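Participant: quick one: sequence plus predicted model below, questions after.
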Amino acid sequence: MKTPATNRSMYVTLSGRKVRSGVAAVSIVVMSIGLIVGVKLLLDPIIGHASPSLLFSLAIVVSTLVGKRPSGIAATILGAVLIEVLFQDSMNDGATSDAIVRSILFIVQGILIVIVVSARLDFEQQLAIERGEKEALKRSSAELALRNEEQQRTQTQLNQANKRLVASNRDLEEFAMIASHDLQEPLRKVHGFIDIILRRHAESLSDEAHGYIVRIQNATSRMQGLIDDLLTLSRVNTRASPFSKIDLNEVMKDVLQDLDSRVKESDAIIEMDTLPSIAADRTQMHQLFQNLIGNAIKFRRPDERPIIRIRCETNADSESMSRPAYRITVSDNGIGFDEKYLGRIFKVFQRLHGREAYDGTGIGLSVCQRIVTRHNGAIAAASAPGAGATFVVTLPAAQFIHHRGSDD
Amino acid sequence: MIEELETFILMADDDSDDRSFAAEAVHESRTDGRLDFVVDGEDLLSYLRREGRYGVLRDEPLPGLILLDLNMPRMDGREALDEIRNDPSLRHLPVVIFTTSRADEDVIYSYQHGANSYVIKPSSFHEFVQLMRELGKYWFRVVELPPSTE
């Protein structure tokens, strides 16, 4: 706790000016700035000699008179004395500020009258400090301006790089889509003609040839599936719908309806929390949850009834109070997977099992990840072999739309 | 079992493989339907107007159904559709767009310009056979066709 800077020491310098003859004593007046000890104004011969500045000072005094009786010691003075009082005020930082007050003192009819003639507060130090501060301010605002410019330049560069990335991304997506689309056409022909051979010319084929052709057909179907999946993946971004408020419970209802036959044939139990409404692309939310729940059913343990739980929590972390998010968990009691494969499972066409064991091209989770990324959310998984799997999808409740000119 | 049908389907497609598929599928579907082919929009209009080498067909009935591919050289399906719908002697003919395109704009365009329906070419032969069977059934048995204006 700092001590208040009210330390005042006082020095009195006499610069006597004898006005009248016979000044015998001089009074030392204890005076504190702010208190004008003056009661009355008296026109005095001195005043007759007063300079304009004195009169001005007098005017000031008059306007600030408080009407107090003088305190302090008054000696007998014959005549008047001009004194200079030096005040020194210590500041918080050890510097001092000085004030010099010149006054005329005289007594008339037992009343001590003090007329402050001039007061000069020594601002020099103050001024120096202020000047210093001003310089510092100027310097720092110049620095700020410079840093601002740099930041703006960086910002512009970032914006440009961003635009280029967005454009390049879109080119890649379009390329993927066109390539997939155009690749489908010859594949359709191959598949079609093989079909005709198998249907119409089977008798003219040896068993061996027939077997090979069947394998060709299967490979062709797989390729069609892969291309379809690539198209699906690229459409997450190229065929995206704008966000709107979606009730996820409605989405789940549709998903479970689509999966109805698989739910029935696997005798699956599905438990579901009430889900929130969020800003999202309805079709993509459908795809997302259809993939997750479909996987949960697909990767069930052979002799166990699949139990799939869908839970929802509000994800209120410290900085997101203004941006609430939801954690939706899809967990199952299926075959699970070793977490060392966590890096693989979200990659395109990566599978953890052979084709014979489970169907599918290994794109489901890639699609899920893309959808979640597009929604500015996140997806994570946890599992252990034989112990089921849990997939956690975090999705913000609201989306902020950036109006980028060329964006879709 | 199958009535004698006087009418037949005309398919406009530049792709010889798709034409083969269609022919095989019709055969497989056992509808005994007749399927004729033209190779693009210009060929189609010549055929329908009995122009050039199609002059010999002058006294023959027009097809009961036209399967029209969209993307063809010389004159594509969109132009051909407009020509047919703008021609008083041809505008009554049922036209089903038969294409690989799933694009919304193509679907919308087709319906807006007077196509009767829009079918996407099946990706498997099995589906092709089924489709031919169903097309024949729908357009020649279920619906009433305008009487031939020959």
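Facilitator: That came through fine.
Participant: who in chain B is up against chain A?
Facilitator: When proximity is defined as CB under 8 Å from any CB of the partner chain, chain B approaches chain A at B:17, B:20-21, B:24, B:28, B:100, B:121, B:123-126, B:128. C-beta: built from backbone N, CA, C; applies to glycine.
Participant: which SS state does A:I115 fall under?
Facilitator: Three-state assignment for A:I115 (DSSP: H, G, I helix; E, B strand; the rest coil): strand.
Participant: with adjacent residues omitted, what lies nearest to it?
Facilitator: Using CB to CB, 6 or more residues apart in numbering or on different chains and skipping the chain neighbours, the partner closest in space to A:I115 is A:I104 (4.7 Å).
Participant: tabulate the residues of chain B next to chain A (JSON lines), appending distance to A:N376, neighbour count and pLDDT.
Facilitator: Written out in JSON lines, the entries for those read as follows (distance: CB to CB, whole Å; neighbours: other CB atoms under 10 Å in any protein chain shown; pLDDT from 0 to 100):
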{"residue": "B:D17", "distance to A:N376": "45", "neighbour count": "15", "pLDDT": "93"}
{"residue": "B:S20", "distance to A:N376": "50", "neighbour count": "15", "pLDDT": "93"}
{"residue": "B:F21", "distance to A:N376": "46", "neighbour count": "24", "pLDDT": "93"}
{"residue": "B:E24", "distance to A:N376": "51", "neighbour count": "20", "pLDDT": "91"}
{"residue": "B:E28", "distance to A:N376": "51", "neighbour count": "19", "pLDDT": "85"}
{"residue": "B:T100", "distance to A:N376": "35", "neighbour count": "17", "pLDDT": "91"}
{"residue": "B:K121", "distance to A:N376": "39", "neighbour count": "21", "pLDDT": "93"}
{"residue": "B:S123", "distance to A:N376": "35", "neighbour count": "17", "pLDDT": "81"}
{"residue": "B:S124", "distance to A:N376": "39", "neighbour count": "15", "pLDDT": "83"}
{"residue": "B:F125", "distance to A:N376": "44", "neighbour count": "23", "pLDDT": "87"}
{"residue": "B:H126", "distance to A:N376": "43", "neighbour count": "14", "pLDDT": "87"}
{"residue": "B:F128", "distance to A:N376": "44", "neighbour count": "24", "pLDDT": "91"}
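Participant: and those residues, which of them are in helices?
Facilitator: With helices defined by DSSP state H, the entries of those inside them are B:17, B:20-21, B:24, B:28, B:125-126, B:128.
Participant: neighbours of the closest residue to A:A389 other than its chain neighbours, how many?
Facilitator: Leaving out its chain neighbours, the residue that sits closest to A:A389 by CB to CB, 6+ apart is A:S383, at 3.8 Å. In terms of burial, A:S383 registers 22 neighbours under the definition other CB atoms under 10 Å in any protein chain shown.
Participant: then the one 5 residues further on?
Facilitator: The number of residues packed around A:G388, counting by other CB under 10 Å, is 24.
Participant: so what's whichever residue of chain B sits closest to chain A up against?
Facilitator: Taking CB to the nearest CB as the measure, chain B has B:F125 as its residue closest to chain A, at 3.3 Å. Contact analysis of B:F125 by CB atoms under 8 Å, 6 or more residues apart in numbering or on different chains lists A:191-192, A:195-196, A:199, B:21, B:24-25.
Participant: now swap in A:G360 and tell me
Facilitator: Neighbouring residues of A:G360 by CB under 8 Å, 6+ apart: A:298, A:351.
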